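[1] sequence and predicted model, in that order:
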Amino acid sequence: MNRIMQGICAAILVALAAAAVAQNYPTKPIRLIMPNAPGSANDTLGRIVAIHMGEALGQQIVLDNRAGAGGLLGMEIGKNGAPDGYTLVAASTAAMSIAPHIYKKLPYDPLNDFEFISLYAATPNVLVVNPNMPARNMKEWLDWVKASGNSLNMASAGAGSQSHLTGVALLTDAGLQSTHVPYKGGGASVASVVGGESQWTITPAPAVMSLIKGGRLRALGQSLPQRTALLPDVPSIKETVPTFDYSGWNGLLAPKGTPKAILAKLRATVMEVANKPQLKEQFAAQGAQVVTNTPEEFRKFVRDEIQTTGKVVRAAELPRQSRHRRPRPLGHRAHTRRRQIGQDQNRRRLQPLGRKTQRIRAGNGRARGARPAGTARRPGNQGRDTYGAQRTASAGRRGGRQGR
């Protein structure tokens, strides 16, 4: 009986401690892992949410961009973060529902390695063409692509990216063909359409909204099931291709094991800021809709998305890639550079003396500019001698040529 009472008391104390932590949370800035590059759709929407949530919580939420391998690097870093509420992850379609079908082995489990908080945005994919292209609406685009056979270029942010798979889904549902041209990132793929290198792309709305408004791209359709006030003049692609439905999403995750009281406070904050007119206006300017749900609904949504995306990946006939390289620790390049410099110095010390140096030493002389015997190189000058010698030699050669 005493043991039972002790267990009950211990559970009560743990619950009270957790509640106290959640009540005072947060007491320092929160890091939001962003698995995408600055300027991407996920980054743009994540920054908006981070600013508003930071104001509501009374602490700054700092974005930490860890792009690479289609978002896998950032997701792995987020998974390994401390489960104390001070590490969050901005999840999106690419890393959660596409990656499981692209890579042979993921460094994380999308469904079991994270705590789900809530969705916060749904982003339509927008079909855009260069304004000089003949298509002015979806019907004209379908006729144009059909008549062109496989000669038109479809730009994407890379093989397996959201823009690639959305394009494959559209071509498959419409019974059309087009040449896929993968670029290194969404910015480069959109720029290729603006510059006329590619004829069309279908990409997340935040990446093209400013270009559409500026007249540098023409929007023909968007991927939401119905028309939206975000793009009032752009019809739903579903009106022309009834089976097509492929849009993006963004949500908030935390490392596995984050206290439930903190997760509840974070979700309440998401719900609070989602109702702010200013956030809705900022989302609308990026072509995104505010969407929220419960943690259980969010997890089920991702599970269904993984199954749906698998069909599109099989249609794209994408081979599974090997596991990505592990993220390197901060300061890796500087450490590698110092190590290389040390190796170069050791290599120079091990080289045999040249004849001129031997003659100088035999005569107890010293070459001009050489370091006096018994003196050591000052710390902090590693690597500078080599650069200076190369620069001097180059200058001497230039001087010799000028003299000739």
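    In hand now; what should we look at? Residues are numbered from 1 along each chain as shown.
[2] pLDDT below threshold where in this structure?
    1-22, 322-404 (pLDDT under 70).
[3] so which residues of it form strands?
    In the chain, the strands defined using DSSP state E lie at 30-34, 61-65, 87-92, 114-123, 125-129, 153-156, 179-182, 200-204, 218-222, 248-255.
[4] a markdown table for these, including mean neighbour count?
    Using the backbone N, CA and C atoms, a C-beta is placed for each residue, glycine as well. Listed next are the strands of the chain as a markdown table, based on neighbours: other C-beta atoms under 10 Å:
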| stretch | mean neighbour count |
| --- | --- |
| strand 30-34 | 22 |
| strand 61-65 | 17 |
| strand 87-92 | 28 |
| strand 114-123 | 24 |
| strand 125-129 | 26 |
| strand 153-156 | 24 |
| strand 179-182 | 16 |
| strand 200-204 | 29 |
| strand 218-222 | 23 |
| strand 248-255 | 24 |
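[5] nearest to Asp143, out of those?
    Among these, strand 218-222 comes nearest to Asp143, with 12.1 Å by C-beta to C-beta.
[6] ok and the closest one relative to strand 200-204, angle-wise?
    60 degrees (axes from the mean of the first three to the mean of the last three C-alpha atoms, to 10 degrees).
[7] who are the packing partners of strand 218-222?
    Counting contacts by 3 or more C-beta pairs under 8 Å, 6 or more residues apart in numbering; DSSP states H and E, strand 218-222 is packed against strand 125-129, helix 138-148.
[8] let me know the angle separating the longest one from strand 218-222.
    The one in question is helix 138-148. Going by the same axes, to 10 degrees, helix 138-148 makes 100 degrees with strand 218-222.
[9] buried residues in helix 138-148?
    Met138, Trp141, Leu142, Trp144, Val145 (16 or more other C-beta atoms under 10 Å).
[10] show me the contact partners of that helix.
    The contact list for helix 138-148, computed with C-beta atoms under 8 Å, 6 or more residues apart in numbering, reads 127, 129, 133-135, 152, 174, 176-178, 200, 220-221, 235, 237, 239-241.
[11] follow-up on the earlier one: rebuild the helices and strands packed on strand 218-222 as TSV, extending it with distance to Gly186.
    Formatted as TSV, the helices and strands packed on strand 218-222 follow (distance: least, C-beta to C-beta, whole Å):
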stretch	distance to Gly186
strand 125-129	11
helix 138-148	21
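[12] closest to Gln286 out of those?
    Closest among the helices and strands packed on strand 218-222, using C-beta to C-beta: strand 125-129, at 11.4 Å.
[13] neighbouring strands for the closest one, and are they parallel or not?
    strand 200-204 (antiparallel), strand 218-222 (antiparallel) (DSSP bridges).
[14] quick one: closest of the ones you listed to Phe114.
    The nearest among these, by C-beta to C-beta, is strand 200-204 at 21.9 Å.
[15] can you list contacts of that closest one?
    For strand 200-204, using C-beta under 8 Å, 6+ apart, the contacting residues are 41, 123-129, 133, 141, 145, 152-157, 162-163, 166-167, 170, 178, 186, 189-190, 192-193, 223, 248, 287.
[16] could you list the domains of the protein?
    21-123+248-316, 125-239 (automatic domain parsing).
[17] and stretch 47-56, how far out from the chain's middle?
    19 Å (C-alpha atoms, centre = their mean, to the nearest Å).
[18] pull out the buried residues from that stretch.
    Arg47, Ile48, Val49, Ala50, Ile51, His52, Met53, Gly54.
[19] and the strands paired with strand 125-129: which comes nearest Val291?
    strand 200-204 (14.4 Å).
[20] could you dump the strands of the chain to TSV with distance to Met75?
    Compiled in TSV, those are given as follows (distance: least, C-beta to C-beta, whole Å):
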stretch	distance to Met75
strand 30-34	8
strand 61-65	13
strand 87-92	7
strand 114-123	8
strand 125-129	21
strand 153-156	21
strand 179-182	21
strand 200-204	18
strand 218-222	27
strand 248-255	9
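[21] quick one on the thing from earlier: do you know which of the helices and strands packed on strand 218-222 lies nearest Pro295?
    strand 125-129 (26.0 Å).
[22] contacts for the closest one next, please.
    The contact list for strand 125-129, computed with C-beta under 8 Å, 6+ apart, reads 135, 138, 141, 162-163, 166, 170, 190, 193, 199-205, 208, 211-212, 217-223, 231, 234, 237, 246-248, 287.
[23] got the angle between it and strand 248-255?
    Using the same axes, to 10 degrees: strand 125-129 against strand 248-255 is 140 degrees.
[24] mind listing what Thr309 touches?
    Thr309 neighbours (C-beta under 8 Å, 6+ apart): Thr93, Ser97, Ile98, His101, Leu165.
[25] export these to JSON lines and tack on neighbour count and distance to Thr269?
    Converted to JSON lines, these look like this (neighbours: other C-beta atoms under 10 Å; distance: C-beta to C-beta, whole Å):
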{"residue": "Thr93", "neighbour count": "27", "distance to Thr269": "23"}
{"residue": "Ser97", "neighbour count": "27", "distance to Thr269": "25"}
{"residue": "Ile98", "neighbour count": "25", "distance to Thr269": "28"}
{"residue": "His101", "neighbour count": "19", "distance to Thr269": "33"}
{"residue": "Leu165", "neighbour count": "27", "distance to Thr269": "32"}
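[26] great, nothing more from me.
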